[in-house]
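Participant: Generate coordinates for the sequence data below:
(one chain, ligands or ions: 2)
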Amino acid sequence: MKKILFIGYGNMGAALGEAWRARSEGARVLAIDPAFATRPAAHGFASAQALADAGEGGAFDLIVLAVKPAMAADALRALPHPWMQGAVLLSIAAGVRLASLRAAAPAGLRLVRAMPNTPALLGLGCTGLFAEADVDEAAREQLGALLRHVGSVHWLQAEAQIDQVTAISGSGPAYYHLFSEALAQAGQALGLPAELARALAAGTAAGAAAQQGAPGADFAALRRAVTSPNGTTAAAIAVFEQDEALRQLVLKAAQAAHRRAIELSSAA
Ligand SMILES: NC(=O)C1=CN([C@@H]2O[C@H](COP(=O)(O)OP(=O)(O)OC[C@H]3O[C@@H](n4cnc5c(N)ncnc54)[C@H](O)[C@@H]3O)[C@@H](O)[C@H]2O)C=CC1
Ligand SMILES: O=C(O)[C@@H]1CCC=N1
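Facilitator: Ligands and ions are numbered 1, 2, ... in the order given. Prediction:
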């Protein structure tokens with residue numbers, strides 16, 4: 001998949017597109033996004049018409065739909081059909097079902113949904129992928145190879161799993177960032193200077209994440225290694241674990257994200 005077009009080049013689209021521009025040998029990445037009207041770039045066009053006026057277009061191998069969910073179907077409908085001849089469409093829009101995309105797509109366009117996450121910017125993302133049955137093994141391998149440029153790739157067995165992945169890893173980076181915000185605030189509340197509290201929270205998150213990323217890492221064993229009997233960590237963990245408070249809160253939050261993904265699908 002050498003000729004790639006992004007529809008929408010915001011946070012997530014640009015994270016993928018810029019990685020492929022830098023790391024995927026031979027890939028030619030173009031993007032359409034109204035934001036290119038104010039921040040011109042050689043590979044970016046403010047509209048499909050601007051791209052066509054520049055003599056680009058023809059058929060693309062891969063079209064990545066990376067606009068907000070509510071505008072995904074309309075953005076797909078607005079694309080010239082010849083661009084999609086023989087292409088694969090990769091939609092990263094949360095909660096936009098294959099059935100909605102199918103209804104907006106020309107016949108023959110092969111459809112895949114993906115749920116990446118923002119650490120893709122650093123090559124440390126996780127992507128869940130689900131493809132329609134007509135996407136052959138060769139296309140799956142090429143897509144997998146592209147997405148491995150931004151982190152790990154996980155093929156799913158059912159489309160509904162995309163909503164579950166969204167609630168865990170799609171939204172998940174924000175959960176960890178919120179925890180770091182809270183830890184830095186707690187540091188300040190205990191009397192540390194703000195910048196030191198921030199640096200300690202960030203450094204601790206990065207260190208713990210690296211430990212968790214080791215092959216076969218056992219989260220509970222890593223936690224126990226910090227927790228001396230009757231020590232300081234045990235005092236803190238007892239608060240988190242009282243009535244399973246943290247686990248229950250995380251479960252409720254993930255269920256809310258999952259419900260929202262399902263709601264988005266009925267709105268799209
Ligand atoms: N941000 C995240 O962590 C993740 C986002 N997603 C999905 O990615 C999609 C995009 O999200 P973000 O990048 O966060 O949003 P964003 O708002 O940063 O990017 C969306 C971009 O689409 C552009 N746009 C608006 N109308 C357009 C049109 N008609 N044609 C082309 N471009 C148009 C906007 O100018 C904007 O740059 C969403 O559907 C979201 O569900 C998926 C996984 C993670
Ligand atoms: O918040 C959202 O809806 C998107 C999907 C996953 C991460 N961001």
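
Participant: residues from the stretch 1-150 of the chain in reach of ligand 2?
Facilitator: A94 (CB under 6 Å from any ligand atom). The C-beta positions use only the backbone N, C-alpha and C, and glycine is treated the same way.

Participant: Model confidence for A267, exactly?
Facilitator: A267 carries a pLDDT score of 67 in this model.

Participant: Likewise for V88?
Facilitator: Reading off the model, V88 has pLDDT 97.

Participant: Quick check: it vs A197, distance?
Facilitator: Counting by CB to CB, to the nearest Å, the gap from V88 to A197 is 46 Å.

Participant: Pick out whichever of those two has more residues nearby.
Facilitator: Neighbours were counted for V88 and for A197 using other CB atoms under 10 Å; V88 has more, 25 against 19.

Participant: Run through the bridge partners of the more buried one.
Facilitator: L62, R110 (DSSP bridges).

Participant: these two touch, right, it and L65?
Facilitator: No: between V88 and L65 there is no contact, the gap being 11.1 Å when judged by CB atoms under 8 Å.

Participant: Could I get the full set of helices for the stretch 151-268 of the chain?
Facilitator: 160-165, 172-190, 194-213, 219-226, 232-241, 245-267 (DSSP state H, counting those that start in this stretch).

Participant: Columns distance to A19 on top of those helices, output as TSV?
Facilitator: As requested, those are arranged in TSV below (distance: least, CB to CB, whole Å):
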stretch	distance to A19
helix 160-165	19
helix 172-190	16
helix 194-213	18
helix 219-226	28
helix 232-241	35
helix 245-267	24
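
Participant: Can you flag the weakest of these by average pLDDT?
Facilitator: helix 245-267 (a mean of 94).

Participant: So which elements touch that helix?
Facilitator: helix 160-165, helix 232-241 (3 or more CB pairs under 8 Å, 6 or more residues apart in numbering; DSSP states H and E).

Participant: swap the cut-off to 7 Å and go again
Facilitator: helix 160-165 (3 or more CB pairs under 7 Å, 6 or more residues apart in numbering; DSSP states H and E).

Participant: Convert the C-alpha atoms of the helix it packs on to PDB, please.
Facilitator: Presented in PDB, the C-alpha positions along helix 160-165 are these (Å, rounded to 0.1, in the frame of the first residue of the first chain):
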ATOM      1  CA  ALA A 160     -18.100  -5.400  18.400                       C
ATOM      2  CA  GLN A 161     -14.700  -5.900  20.000                       C
ATOM      3  CA  ILE A 162     -13.700  -2.500  18.500                       C
ATOM      4  CA  ASP A 163     -15.900  -0.800  21.000                       C
ATOM      5  CA  GLN A 164     -14.300  -2.800  23.800                       C
ATOM      6  CA  VAL A 165     -10.800  -1.900  22.600                       C
END
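
Participant: Could you report the neighbour count for the residue of the stretch 1-150 of the chain found nearest ligand 1?
Facilitator: Residue of the stretch 1-150 of the chain nearest ligand 1, by CB to the nearest ligand atom: G10 (1.8 Å). Neighbours of G10 under the rule other CB under 10 Å: 13.

Participant: next one: the one 3 residues further on
Facilitator: A count of neighbours around G13, defined by other CB under 10 Å, yields 21.
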